[in-house]
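Chemist: please find the sequence and the predicted model below.
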Amino acid sequence: MAEDGKRPLDALEKARDKRIIVKVKPQGDQEEPREIVGTLNAFDLHLNLWLEDAEKNEDGKTTKFGTVVIRGDNVLFVSPE
Amino acid sequence: MAEDGKRPLDALEKARDKRIIVKVKPQGDQEEPREIVGTLNAFDLHLNLWLEDAEKNEDGKTTKFGTVVIRGDNVLFVSPE
Amino acid sequence: MAEDGKRPLDALEKARDKRIIVKVKPQGDQEEPREIVGTLNAFDLHLNLWLEDAEKNEDGKTTKFGTVVIRGDNVLFVSPE
Amino acid sequence: MAEDGKRPLDALEKARDKRIIVKVKPQGDQEEPREIVGTLNAFDLHLNLWLEDAEKNEDGKTTKFGTVVIRGDNVLFVSPE
Amino acid sequence: MAEDGKRPLDALEKARDKRIIVKVKPQGDQEEPREIVGTLNAFDLHLNLWLEDAEKNEDGKTTKFGTVVIRGDNVLFVSPE
Amino acid sequence: MAEDGKRPLDALEKARDKRIIVKVKPQGDQEEPREIVGTLNAFDLHLNLWLEDAEKNEDGKTTKFGTVVIRGDNVLFVSPE
Amino acid sequence: MAEDGKRPLDALEKARDKRIIVKVKPQGDQEEPREIVGTLNAFDLHLNLWLEDAEKNEDGKTTKFGTVVIRGDNVLFVSPE
């Protein structure tokens, strides 16, 4: 799509094996996006994401998930930590 | 999609026959995601999931479902227990 | 998708002609999923479901629908009774 | 999809030219599904439905629509009357 | 899809150049579907609709839009006036 | 789709380089559709729209956006001014 | 799609390496669209966007995100700053 060949998902390739922040879309009655942090192990065209050592930090409380596979349609944006 | 061939759904292959946590998207007027736990029997590209011995633990109450097929578009994330 | 050939919809093949519980996604302003019970007559890749002798049990009241075709995108999960 | 060749939409073929109930998904701020009744004239793979002599019965009031084409993605389920 | 070749969109072919009612899905915080009336000039498989002399009648007030192209995924149902 | 070859997006071809009104779907907690006005520079099959000199007029206040690319799935309808 | 070959995403090609405003759809219980500003590094057909030096300005507070990949289905519109 880009005249210089760069594609948005190339940014994820650069973030592989690094800690990333995943902003999850607010859904149902939620007002704010949620945030999951983890080490990016793999991703695909749908922005499905395989994270290791994933956790959620909310209201000063950390919830550890370990390995997670996030379904891409829940993703608002991804950002290297 | 990944230069090293790893794909997010490979993480589910590793979780086959193991207990997994499925976080279900909050929908309608729901505020929080719901959680279904079960043994992963099969999955597909859409993240449709076949679980055995599935159950829901909410407010200290366990509801047993036995076999369930969860439609993939309801999935927020999947995580090996 | 599965190395051993098992697919989530195979679980529905095993449930054919049996009573199944269909949890319908909460939508609009609904808080809780609804439940339709019926005998599984046919299904397809989209999880469209043809049930016979279908009914809804809510608040102690049973509503009988007879034959129903449920559009798959409304399905949260399916579970043999 | 079915080993015996039966598909969910075959149930609609059997309902052609008969009165059917169409439960419409609750959307926006709606709490309950709405109901449109009519004679099934034609349908397609998306569950788009062409009804004749269609009407809505709500709170004791009947609204007549005559011919309607309902877009399939609004359909919760269809049931022969 | 139909054994007799009839398809739901054939009903729109019969309504070409005639006045039709378009019920628009309730979205966001809306409770009731909205209604746009106009002369059907063209339509496509997605139920995108090109109307001429379109107008909205709500609470006794008429808003004239003239030419409109309605995106199909907003359509609840279409009905010849 | 139309026997006479007319398609809904042909109406946009006629509106190229002219001022158009884009009604944006109400989303999240919004009750009313929003309106963006601009000169139609280009469009595609998804109803993605490239407008120049775009602006929003709400509650007597005008917000100027200049060039905008509106993602098609947000569009309720388009109407030449 | 356009007789003169212009496509909406060409506007993004012109905005490459420039600061752009991304209006994010209101979702869940949100009333207003959110805004992320950043330098456009790459985009694709789905309007997935790779921004550098991205930030959010809300209620007089700036939150810096650095690199972000925004999933296209969250985009309401994009506008060069």
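Modeler: Here it is on my side, so go on.
Chemist: which positions in chain A make contact with chain C?
Modeler: Counting by CB under 8 Å from any CB of the partner chain, chain A comes close to chain C at residue A:28. C-betas here are computed from N, CA, C, even on glycine.
Chemist: now with 6 Å?
Modeler: Within chain A, not a single residue sits near chain C (CB under 6 Å from any CB of the partner chain).
Chemist: what helix or strand is the residue nearest the centre of chain A located in?
Modeler: By CA atoms, centre = their mean, chain A has its centre lying nearest to residue A:22, at 3.0 Å. Residue A:22 belongs to strand A:19-24 when assigned by DSSP states H and E.
Chemist: find the nearest non-adjacent residue to residue A:24, please.
Modeler: residue A:34 (4.5 Å; CB to CB, 6 or more residues apart in numbering or on different chains).
Chemist: what pLDDT does the model give that neighbour?
Modeler: For residue A:34, the model assigns a pLDDT of 92.
Chemist: find the nearest non-adjacent residue to the closest residue to chain C within chain A, please.
Modeler: Distances between chain A and chain C by CB to the nearest CB are smallest at residue A:28, namely 8.0 Å. Spatial nearest neighbour of residue A:28, excluding adjacent residues (CB to CB, 6+ apart): residue B:26 at 3.2 Å.
Chemist: my guess is that neighbour contacts residue A:25, does it?
Modeler: No - Residue B:26 sits out of contact with residue A:25 when judged by CB atoms under 6 Å, with a separation of 10.3 Å.
Chemist: what residue ranges in chain A score low on pLDDT?
Modeler: In the predicted model of chain A, residues A:1-4 satisfy pLDDT under 70.
Chemist: direction included, what does the strand or helix carrying residue A:52 pair up with?
Modeler: Element membership for residue A:52, per DSSP H and E: strand A:49-58. Strand A:49-58 has its sheet partners listed here by DSSP bridges as strand A:34-43 (antiparallel), strand A:61-70 (antiparallel).
Chemist: what angle separates that strand from strand A:19-24?
Modeler: Angle, strand A:49-58 to strand A:19-24, by axes from the mean of the first three to the mean of the last three CA atoms, to 10 degrees: 80 degrees.
Chemist: buried set for strand A:49-58?
Modeler: A:49-52, A:54, A:56 (16 or more other CB atoms under 10 Å in any protein chain shown).
Chemist: and what of stretch A:71-81?
Modeler: So for stretch A:71-81, counting by 16+ other CB under 10 Å, buried means A:71-80.
Chemist: so of those, which ones are in strands?
Modeler: A:75-80 (DSSP state E).
Chemist: keep only these that also lie close to chain G.
Modeler: A:75-80.
Chemist: and the two most separated of those residues?
Modeler: A:76 and A:80 (15.4 Å; CB to CB).
Chemist: who's in contact with the residue of chain A at minimum distance from chain E?
Modeler: Using CB to the nearest CB, the closest approach of chain A to chain E is made by residue A:29 at 11.9 Å. The contact partners of residue A:29, by CB atoms under 6 Å, 6 or more residues apart in numbering or on different chains, come to B:29, B:31, G:29.
Chemist: and residue A:50, by the same measure?
Modeler: By CB under 6 Å, 6+ apart, the neighbours of residue A:50 are A:41-42, A:69, B:8, B:11.
Chemist: from those residues, which is closest to residue D:15?
Modeler: The closest of the contacts of residue A:50, once distances to residue D:15 are taken by CB to CB, is residue A:69, at 40.2 Å.
Chemist: which SS class is the residue of chain A found nearest chain B?
Modeler: Using CB to the nearest CB, the closest approach of chain A to chain B is made by residue A:28 at 3.2 Å. Counting by DSSP: H, G, I helix; E, B strand; the rest coil, the backbone at residue A:28 sits in coil.
Chemist: return the residues in contact with it.
Modeler: B:26-27, B:30.
Chemist: distance of the residue nearest to the centre of chain A relative to residue C:67?
Modeler: Remark: distance between residue A:22 and residue C:67 (CB to CB, to the nearest Å) = 43 Å.
Chemist: cool, and residue A:64?
Modeler: Residue A:64 is 48 Å from residue C:67, where distance means CB to CB.
Chemist: do the same with residue A:40
Modeler: For residue A:40, the distance to residue C:67 - CB to CB - is 48 Å.
Chemist: do the same with residue A:60
Modeler: Distance, residue A:60 to residue C:67, by CB to CB: 54 Å.
Chemist: please identify which of those two sits among more neighbours.
Modeler: Taking other CB atoms under 10 Å in any protein chain shown, residue A:60 and residue C:67 do not tie; residue C:67 has more neighbours (20 against 5).
Chemist: OK, contacts around that one?
Modeler: C:52, D:11, D:80.
Chemist: so what's the closest residue to the first one other than its chain neighbours up against?
Modeler: Using CB to CB, 6+ apart and skipping the chain neighbours, the partner closest in space to residue C:52 is residue C:39 (4.6 Å). When contacts are counted by CB under 6 Å, 6+ apart, residue C:39 touches C:19, C:52-53.
Chemist: redo these as CSV? Include distance to residue G:15.
Modeler: Formatted as CSV, the contacts of residue C:39 follow (distance: CB to CB, whole Å):
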residue, distance to residue G:15
C:19, 57
C:52, 57
C:53, 59
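Chemist: related to what we said a few turns ago, closest one of the ones next to chain G among the ones in strands among the buried residues of stretch A:71-81 to residue G:15?
Modeler: Using CB to CB, those come closest to residue G:15 at residue A:77, 18.0 Å.
Chemist: could you check how far that closest one is from residue G:70?
Modeler: In terms of CB to CB, residue A:77 sits 4 Å off from residue G:70.
Chemist: cool, residue A:63 as well?
Modeler: Counting by CB to CB, the gap from residue A:63 to residue G:70 is 25 Å.
Chemist: ok, the two, which is more surrounded?
Modeler: Of the pair residue A:63 and residue G:70, residue G:70 is the one with more neighbours under other CB under 10 Å, namely 27 against 10.
Chemist: partner residues bridging that one?
Modeler: Assessed by DSSP bridges, residue G:70 has beta-bridge partners residue A:77, residue G:49.
Chemist: next one: it from residue G:41, what distance?
Modeler: 11 Å.
Chemist: and the contacts of residue A:29 as a markdown table, adding distance to residue D:15?
Modeler: Listed next are those as a markdown table, based on distance: CB to CB, whole Å:
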| residue | distance to residue D:15 |
| --- | --- |
| B:29 | 33 |
| B:31 | 39 |
| G:29 | 39 |
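Chemist: hang on, the earlier thing: now rank the contacts of residue A:50 by neighbours and give me the top one.
Modeler: residue A:69 (27 neighbours).
Chemist: wait, that one sits on residue B:10?
Modeler: No - contact status for residue A:69 versus residue B:10: not in contact, 9.2 Å apart, counting by CB under 6 Å.
Chemist: any buried residues in the strand holding residue A:22, and which?
Modeler: A:20-24.
Chemist: list the contacts of residue A:31.
Modeler: residue G:29.
Chemist: typed the wrong thing, it's residue A:36
Modeler: A:22, A:54, A:56 are the contacts of residue A:36 under CB under 6 Å, 6+ apart.
Chemist: quick one: the closest residue to chain G within chain A from residue C:39, how far?
Modeler: Here chain A gets closest to chain G at one residue, residue A:26, 3.2 Å apart by CB to the nearest CB. Separation of residue A:26 from residue C:39 (CB to CB): 39 Å.
Chemist: before we move on, what about residue A:49?
Modeler: For residue A:49 relative to residue C:39 (CB to CB), the value is 39 Å.
Chemist: what does residue A:10 give?
Modeler: On the measure of CB to CB, residue A:10 and residue C:39 end up 51 Å apart.
Chemist: what angle separates the strand holding residue A:22 from strand A:75-80?
Modeler: 170 degrees.
Chemist: so what secondary structure elements neighbour strand A:19-24?
Modeler: strand A:34-43, strand A:75-80 (3 or more CB pairs under 6 Å, 6 or more residues apart in numbering or on different chains; DSSP states H and E).
Chemist: for residue F:15, find the nearest of the ones you listed.
Modeler: Among the helices and strands packed on strand A:19-24, strand A:75-80 sits nearest to residue F:15 (CB to CB), with 32.6 Å.
Chemist: now do the closest one: everything it contacts.
Modeler: Residues from elsewhere that reach strand A:75-80 (CB under 6 Å, 6+ apart): A:15, A:18, A:20-23, A:25, A:33, A:47, G:65, G:67-71, G:74.
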